[in-house]
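Peer 1: what shape does this take:
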Amino acid sequence: MQSIERQAQKKGVKLIHRGRCQFCGSDTRNGVFECFEIFNRLASAFEDDTGPSTFIYADAHCLQHSEVHGTWNNHFHLARQYLILDKSVEWNYSKTPFLSKIMDEYKRSHPEAAIPALPVLERGRFTVTDLAGLEGEELASSLRKWALGVYSSYERYHPMAEAVGDLYLRRYERG
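Peer 2: Residues are numbered from 1 along each chain as shown. Sure, this is the predicted structure:
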């Protein structure tokens, strides 16, 4: 992953070092930089997790911070949320390259397709700071609420995520 500064610069976005996160609105004092610090620190809680938590955690945060990720970021993360949250796919790291391959095919056949960043502060009510200090079932429950809230906020783009996800399902998850 590229640095958030480099990605923001490519997109002409000025990152703010003070106050709430300028993208998700998380309750920080040092803006998006603190939001990413919290995200990275909390990620260790999911290191040994063999379930979907690691992935929906990354997906929710990436979708709330589109401006500091690549152009097709939203397609990938929304498609993976669709697969995990709607289709109950048991996700693991080995599946990610296959979804990436489907994304590459989709990009070639739909170069005009776009899932843009939603308006600031309209990317789900919960943020990574709502997970800070939580453990066990409380953390798992709050993580799921956060992921579902972010996923729901992109509802108008679900047909694109479903198209990618369904291609993945047909090719790689045949029952």
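Peer 1: grab the nearest non-local neighbour of the residue nearest to the spatial centre of the chain.
Peer 2: Geometric centre of the chain, nearest residue: residue 59, 2.1 Å, by C-alpha atoms, centre = their mean. In space, and not counting its chain neighbours, residue 59 is closest to residue 77: 4.1 Å by C-beta to C-beta, 6 or more residues apart in numbering. Quick note: C-beta positions are derived from backbone N, CA and C, even for glycine.
Peer 1: if we can go back for a sec, mind checking how far the helix or strand harbouring the residue nearest to the centre of the chain is from the chain centre?
Peer 2: Applying DSSP states H and E as the criterion places residue 59 in helix 53-64. A distance of 4 Å separates the C-alpha centroid of helix 53-64 from that of its chain, computed with C-alpha atoms, centre = their mean, to the nearest Å.
Peer 1: list of residues touching it?
Peer 2: Contacts to helix 53-64, defined as C-beta atoms under 8 Å, 6 or more residues apart in numbering, come from residues 23-24, 39, 42-43, 46-47, 69, 73-74, 77-78, 80-81, 84-85, 91, 123-124, 127-128, 140, 143-144, 146-147, 150-151, 153-154.
Peer 1: show me these that map onto helices.
Peer 2: With helices defined by DSSP state H, the entries of those inside them are 39, 42-43, 73-74, 77-78, 80-81, 140, 143-144, 146-147, 150-151, 153.
Peer 1: so where's this protein uncertain?
Peer 2: Where the chain drops to pLDDT under 70, the residues are 1-2, 48-51, 175.
Peer 1: quick one, what contacts residue 67?
Peer 2: Neighbouring residues of residue 67 by C-beta under 8 Å, 6+ apart: 7-8, 11, 13, 23, 117.
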